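> Build me a model from this:
(2 chains)
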Amino acid sequence: MNPISRFATSALTIAEMEARKIRHDSTELWMRGVQPALWLLIFGEVFNSVRSLAPPGGYTYIQYIAPGVLAQSVLFVAIFYGITIVWERDVGLLTKLLSTPSPRLSVVVGKALAAGVRGIFQGVMIFALALIIGVNLRFDPLDVLGVFVVVVLFAMCFSAFSMTLASFLKTRDRMMGIGQAITIPLFFASNAIYPVSLMPAWLQYISKFNPLSYVVDALRSMLLTGDYSSLPTDIAALVAATAFFIGCGSIVLKRLIE
Amino acid sequence: MKAIEVDSLTKVYSNGTKAVDDISFSVEEGEIFGMLGPNGAGKTTTIKMITTLAKPTTGSIQVFGVDAVRNSEEVRKMFGLVPQAISVDGDLTGYENLLIFAKLFYVDRAERRARILDALEYFGLGDRADDLVKNYSGGMMRRLEIAQALVNRPKILFLDEPSIGLDPHSKNQVVQQVQELNREFGTTILVTTHDMHEADTLCNRLAIMNRGTIAVSGPPAELKRSVGGDVLTLKVTGEVVTDLPPGLGTIVESEPGVIKVLTDDGERAIPRITSHFQRKGAVVESISLSRPTLDDVFMKYTKSSIQKEEGTFSQTRSERRNIARHAR
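Presented below is the predicted three-dimensional model:
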C-alpha cells in the first residue's frame, strides 16, 4: 500500500469506529436533536413576530435562523469532541491508537471525520425538522450536498480545535468549562440568529473574525438565498482554519499520553 | 539479533521527575522477559519509550535492530501492545474491536476476517464475538485486548501489568495463554508486573526495577539462589544450641525455643541439623522449610543500594532478618 492510501485507510477506519458506535447506540444523536428543535420551534416562533428582526430578502425569521441553528448544533458537537478524546485517553484507548503504525496526523484527521459523521446527523435532523414544521428551504440536491460538505468541514475544524485544546487542558471538567466559554460568544457574535447589520459596530468588527459567521453565511447561501457570491471566500476560510487546527492537533496530541 | 536492546535509557518528565534513570538491558528473541517492581518503579515509562509513545530524554532503543526514536513508524509495525489501562472500546463488539485495529495495522483485506476469527477463537471468545465489549467480564476483556494486540502478528508483544484487577482464575488463564503463545509461535514477550508470583512462573528472565533503575536481572531461579538459599525454622526444647557444624548454614535468629537457619539446600540440611541438635541434647519438635521468593530478591537488591553507601553490621543483620521474615 502506498503512503496515501495507508493514510486514507487509517483516517477512514477511525471514522468508521465512530459510525459503528453510533449504530450500536444512537441515543445521543436523538438527544442532540432536541436543542435545534427548540431553537426553531420556540425561539424562532417567538422572534418571528419581532418586526425589527425582519431579515433582509423577505424571508421569515425561522427561515433565516435555520442555517444558524444547524451551524450552532454542529458547533456544539464539535467543540465538545475533545472530551471524547480525553475520555479515550483516560480509559487507555488513545495510547492503543497511537501505538499503531498509523501516522498521528491520520488519527487526528480520522477523529475529526468522526465528528463530521456526527455533524451529518445534525444536518439530517435539521432538514427533517424543516420539512416537518414547514420551513421553506432550498432542497436542490447540489445545495444539499454542499451543505453536508460545509457541515463536515466545520465539524472537522472545531473538533480539531477542541482536540488541540484537550491536549493542553487534559481533563474533562476543564474541557466542559472551556467549551461553554467558547460556544456562546461565538454564537452571539455571529450572524447565526440576527443579521450582522443589527450589531453594534465593535461587534460587527469581531464577527468578521468569527469562523462561525463564514459557516453560517455559506450554509445560508445554499439553504436560502442561492446567492453564491461569497461562497468561495467562506469555504476557503473554513478549509484554511480546518487545515491549521488539524495540523496543531496532530503536533500536540501526544501531550495527552505523556 | 536481539529483540530489544536498550542502552543507558533515561526519561526525565517536564516536571523534573526522573522516571527512568540510566537503564540498560536486552531481550532475546523468543523469550518472556519480565520487568518486576513496585508502582512508580519506571516500568510503564520504559514500555512507553520502547513502544515509541514517549521520547527518551537520553539513551537508545533498538527493536530488532531498528532505532525506536528515529524510525518509530517502522518499529510500531513490529509489536503488539496491551497497555495497563483498557484498550478495547466497550461500545463496539469484540469482532469490531479487532477489525478496527487490523485495519489500523494494514492487515491485508483478504486475510483480515480469518485472522480476527482465529484470534478470537484462540482466546476462547469465538462465541461472544458479536457481543458489545461492555458486557464482557474483566478476564474476557483482558483476553480480547491480547487478541487485539495479536491481529498484526507481532514479533514482540508488550504486556503492561496484564493481570492487574483480575480474579485469580482469570489471572491464571491469562498467564497460561501468554505462555502458550510464546511456546507455539515463538513470540517474544515483554511483560511488566508487580506480582512476584506471576513474574516467577511466567518469565524466562527478569529485571527487577526500583526507582527508575534496574536493581538486578537474570533468570528467576538464579536470582532466588543469589539471596542465599533456604530458611529452616526449628522449634526446639531442651539444651540451647548456638552453633552448627561447618557447611550446614548459619543461625540467623535465635530466640528461646525458636531457631532460624539460613542454608543452601534446606531439604538435605534437615536430617543433618536434626541429628546435630540431638547430639547436643536438644529436642527438635518441628522444622519448617521455606524457600526464597522473588520478594526476597527484591528486598535484597533494592536495599543493597543503600547498604553500599553505609554497609554497617547492623544493616547487614537487619537485611538478613528481612530475608528470613519474607521467606516465611
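> Low-confidence ranges, the chain, go.
In the absence of a named chain, chain A is used. Within chain A, no stretch has pLDDT under 70.
> actually chain B
Per-residue confidence for chain B (pLDDT under 70) gives these ranges: B:303-328.
> residues contacting whatever residue of it ends up closest to chain A?
Here chain B gets closest to chain A at one residue, B:Ala85, 2.6 Å apart by C-beta to the nearest C-beta. For the C-beta atoms, the positions are set from N, CA and C on the backbone; glycine is no exception. When contacts are counted by C-beta atoms under 8 Å, 6 or more residues apart in numbering or on different chains, B:Ala85 touches A:90-92, A:95.
> What helix or strand is the closest residue to A:Ser162 other than its chain neighbours located in?
In space, and not counting its chain neighbours, A:Ser162 is closest to A:Gly82: 3.5 Å by C-beta to C-beta, 6 or more residues apart in numbering or on different chains. Using DSSP states H and E, A:Gly82 sits in helix A:81-91.
> which residue packs closest to A:Met163, ignoring adjacent ones?
Closest residue to A:Met163 apart from its sequence neighbours, by C-beta to C-beta, 6+ apart: A:Gly249 at 4.4 Å.
> for A:Leu153, same thing?
Nearest residue to A:Leu153 in three dimensions, chain neighbours excluded: A:Leu238, at 5.2 Å (C-beta to C-beta, 6+ apart).
> likewise A:Glu45?
Nearest non-adjacent residue to A:Glu45, counting by C-beta to C-beta, 6+ apart: A:Ile62, 7.0 Å away.
> okay, now A:Phe76: neighbour count?
18 (other C-beta atoms under 10 Å in any protein chain shown).
> helix or strand for the closest residue to it other than its chain neighbours, which one?
Counting by C-beta to C-beta, 6+ apart, A:Thr183 is the residue found nearest to A:Phe76 once chain neighbours are left out, at 6.3 Å. Using DSSP H and E, A:Thr183 maps to helix A:172-188.
> Kindly report the same for A:Glu45.
Per DSSP H and E: A:Glu45 is located in helix A:45-47.
> Next secondary structure after that helix?
As assigned by DSSP H and E, the chain's next helix or strand after helix A:45-47 is helix A:61-79.
> hmm, back to that, tell me the contacts of the residue nearest to A:Glu45?
By C-beta under 8 Å, 6+ apart, the contact set of A:Ile62 is A:40, A:44-45, A:48, A:133, A:135.
> Format these as JSON lines; extra columns: neighbour count.
Below are those laid out as JSON lines (neighbours: other C-beta atoms under 10 Å in any protein chain shown):
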{"residue": "A:Leu40", "neighbour count": "22"}
{"residue": "A:Gly44", "neighbour count": "22"}
{"residue": "A:Glu45", "neighbour count": "12"}
{"residue": "A:Asn48", "neighbour count": "15"}
{"residue": "A:Ile133", "neighbour count": "14"}
{"residue": "A:Val135", "neighbour count": "21"}
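> Is it correct that B:Lys18 is in contact with B:Gly212?
Yes - if you go by C-beta atoms under 8 Å, B:Lys18 and B:Gly212 touch, sitting 5.6 Å apart.
> For chain A, which residues are neighbours of chain B?
Contacts of chain A with chain B, taken as C-beta under 8 Å from any C-beta of the partner chain, map to A:1, A:6, A:9-10, A:13-14, A:16-17, A:20-21, A:24-25, A:90-93, A:95-103, A:254, A:257-258.
> rerun that using 7 Å as the cut-off
Listed as neighbours of chain B in chain A under the rule C-beta under 7 Å from any C-beta of the partner chain: A:1, A:6, A:9-10, A:13, A:17, A:20-21, A:24-25, A:91-93, A:95-96, A:98-103, A:257-258.
> Can you select the buried ones from those residues in ChimeraX?
To isolate the buried subset of these in ChimeraX, counting by 16 or more other C-beta atoms under 10 Å in any protein chain shown, use the following:
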select /A:6,9,10,13,17,20,21,91,92,93,95,96,98,99,100,101,102,103,257
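> Tell me which of the residues of chain A next to chain B fall in helices.
A:6, A:9-10, A:13, A:17, A:20-21, A:24, A:91, A:93, A:95-96, A:98 (DSSP state H).
> Just give the nearest non-adjacent residue to A:Arg118, would you?
Among residues not flanking A:Arg118 along the chain, A:Val77 sits closest, at 4.8 Å (C-beta to C-beta, 6+ apart).
> Show the contacting residues for the one you found.
Counting by C-beta atoms under 7 Å, 6 or more residues apart in numbering or on different chains, A:Val77 touches A:32, A:115, A:118-119, A:122, A:155.
> where along the stretch 151-258 of chain A do the helices fall?
In the stretch 151-258 of chain A, the segments counted as helices under DSSP state H, counting those that start in this stretch are A:172-188, A:201-207, A:211-220, A:231-252.
> most neighbours per residue, which of the ones you listed?
helix A:211-220 (a mean of 26; mean count of other C-beta atoms under 10 Å in any protein chain shown).
> Need the contact partners of that one.
With C-beta under 7 Å, 6+ apart as the criterion, helix A:211-220 contacts A:67-68, A:70-71, A:75, A:147, A:150, A:154, A:157, A:186-187, A:190-192, A:207, A:230-231, A:234-235, A:237-238, A:241.
> Report the contact partners of the residue of chain A found nearest chain B.
At 2.6 Å from chain B, A:Gly92 is the closest residue in chain A, using C-beta to the nearest C-beta. By C-beta under 7 Å, 6+ apart, the residues touching A:Gly92 are B:83, B:85-87.
> Most widely separated two among the residues you listed?
B:Pro83 and B:Ile86 (8.2 Å; C-beta to C-beta).
> the more surrounded of these two?
Legend: neighbour count by other C-beta under 10 Å for B:Pro83 and B:Ile86, higher for B:Pro83 (25 against 20).
> Please tell me I have it right and that one contacts B:Leu159.
No - if you go by C-beta atoms under 7 Å, B:Pro83 and B:Leu159 don't touch, sitting 9.1 Å apart.
> just to revisit the earlier point, what about the residue nearest to A:Leu153, distance to A:Ser250?
For A:Leu238, the distance to A:Ser250 equals 19 Å [C-beta to C-beta, to the nearest Å].
> try B:Gly34
The gap separating B:Gly34 from A:Ser250 is 35 Å, by C-beta to C-beta.
> Also A:Gln72?
Using C-beta to C-beta, A:Gln72 is found at 27 Å from A:Ser250.
> How about A:Gln63?
Using C-beta to C-beta, A:Gln63 is found at 39 Å from A:Ser250.
> ditto for B:Lys300
According to C-beta to C-beta, B:Lys300 stands 47 Å off from A:Ser250.
> now B:Val174
Separation of B:Val174 from A:Ser250 (C-beta to C-beta): 35 Å.
> again, but for B:Ile208
Distance check for B:Ile208 against A:Ser250: by C-beta to C-beta, it reads 38 Å.
> so how far is the helix or strand containing B:Gln179 off the chain centroid?
Assessed by DSSP H and E, B:Gln179 sits inside helix B:168-185. Distance of helix B:168-185 from its chain centroid, counting by C-alpha atoms, centre = their mean, to the nearest Å, is 14 Å.
> hmm, who's touching that helix?
For helix B:168-185, the surrounding residues in contact (C-beta under 7 Å, 6+ apart) are B:32, B:123, B:138-139, B:142-143, B:146, B:159, B:162-163, B:166, B:187, B:189, B:198, B:201-202.
> Domain-wise, how is chain B divided?
Domain ranges of chain B: B:4-223, B:225-327, per automatic domain parsing.
> In contact with the closest residue to A:Ala130 other than its chain neighbours, which residues?
Of all residues not flanking A:Ala130 in the chain, A:Leu137 sits nearest, at 5.2 Å (C-beta to C-beta, 6+ apart). Residues counted as contacts of A:Leu137 (C-beta under 7 Å, 6+ apart) are A:66, A:130, A:223-224.
> residues from the stretch 1-150 of chain B in reach of chain A?
B:51, B:53-54, B:73, B:76-77, B:81, B:83, B:85-87, B:89, B:91-92, B:96, B:100-101, B:103-106, B:132.
> In space, not sequence, find me the middle residue of chain B.
By C-alpha atoms, centre = their mean, chain B has its centre lying nearest to B:Ala199, at 3.2 Å.
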